[in-house]
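Q: quick one, fold the following:
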Amino acid sequence: MPRVIVFDFGGTLDTHGRHWARVLFERWQEVLSGLSWERFYEAYVAAERAMETEEDWNFRRTLQHKCRLEARFMQRPDAPDQADGVAEACYKLARECTARSKDVLEALRKEGAPLLLVSNFYGNLTAVLRDFGLEGCFDHIVESARVGVRKPDSAIFRLVLDLYPALKPDDVLVAGDSERNDILPAQSLGMKTHLVRKFGDLLALV
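A: Numbering: from 1, shown residues only. Model prediction:
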């Protein structure tokens, strides 16, 4: 049993291994005929760069803003009217996934290891966790917008060692959906890793 378990949030706890670009693209495809991956992904990246949130925004509000930005950057006249519906469908999926993730997190907490969250997020992660009933699941939350460093920079995982000075790197297990952002940076520090591509991968931690 590792002494500390570190989770990613987006793509790990809220979609169980599915990248948000793919989740959003599938929903947009349902309402916009002929939408190509290339056109969507350009809009997705532009929206990510333009994202600004308020500290108290929950995940529904965050998704609405993100989808409205994507609609604008896709430059299709039929997109803006569909943005809130796409956001709502994605929010429903996230609620279902986080409810199942919460069961795993609570089971792990009973085993005694501290649980941490290390996430690239927009500054409102605490409000998002509160919305999903996850806020009390973590001993510490390390959010990129608040600490000034983003994955894949391994420095964000080094902050975990700063929080627990007695830990050795191999006392830490990092669970995430992205090899680039989660697995490789953690391994570069000597931490153990666990790749999440489906819910069963999360369940295997218990």
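Q: now the closest residue to L69 other than its chain neighbours: which helix or strand?
A: Nearest residue to L69, sequence neighbours excluded (C-beta to C-beta, 6 or more residues apart in numbering): A47, at 3.7 Å. Quick note: C-beta positions are derived from backbone N, CA and C, even for glycine. Using DSSP states H and E, the element containing A47 is helix 37-50.
Q: need the contact partners of that helix.
A: Outside helix 37-50, the residues that touch it by C-beta atoms under 8 Å, 6 or more residues apart in numbering are 21, 24-25, 28, 66, 69-71, 73-74.
Q: buried residues, that helix. List them.
A: Within helix 37-50, the residues scored as buried using 16 or more other C-beta atoms under 10 Å are 39-40, 43-44, 47.
Q: which one of these is nearest V128?
A: Relative to V128, the closest of the buried residues of helix 37-50 is A47; by C-beta to C-beta it sits at 17.2 Å.
Q: so what's M1 scoring on pLDDT?
A: M1 is assigned a predicted lDDT (pLDDT) of 64.
Q: okay, the angle between the next helix-or-strand element following the helix holding A47 and helix 37-50?
A: Remark: after helix 37-50, the chain's next helix or strand is helix 59-74, criterion DSSP H and E. Helix 59-74 and helix 37-50 are oriented at 120 degrees to each other (axes from the mean of the first three to the mean of the last three C-alpha atoms, to 10 degrees).
Q: just checking, what packs against helix 59-74?
A: Identification of packing neighbours for helix 59-74 by 3 or more C-beta pairs under 8 Å, 6 or more residues apart in numbering; DSSP states H and E yields helix 20-31, helix 37-50, helix 83-111, helix 125-132.
Q: from memory K192 sits against D170, does it?
A: Yes. Contact criterion C-beta atoms under 8 Å: K192 and D170 qualify, at 6.0 Å.
Q: more neighbours: which of those two?
A: Set side by side, K192 and D170 show more neighbours around K192, with 16 against 12, by other C-beta atoms under 10 Å.
Q: and this structure, what are its domains?
A: As given by automatic domain parsing, the domain ranges for the chain are 4-17+97-203, 20-93.
Q: relative to D162, how far out is H140?
A: To D162, H140 is 10 Å away according to C-beta to C-beta, to the nearest Å.
Q: the more surrounded of these two?
A: H140 (15 against 9).
Q: in space, what's closest to the more buried one - neighbours in sequence excluded?
A: Leaving aside its chain neighbours, H140 sits nearest to L116 (4.8 Å; criterion: C-beta to C-beta, 6+ apart).
Q: what are the buried residues along the strand or helix carrying that neighbour?
A: Taking DSSP H and E as the definition, L116 sits inside strand 115-119. By 16+ other C-beta under 10 Å, the buried positions in strand 115-119 come out as 115-119.
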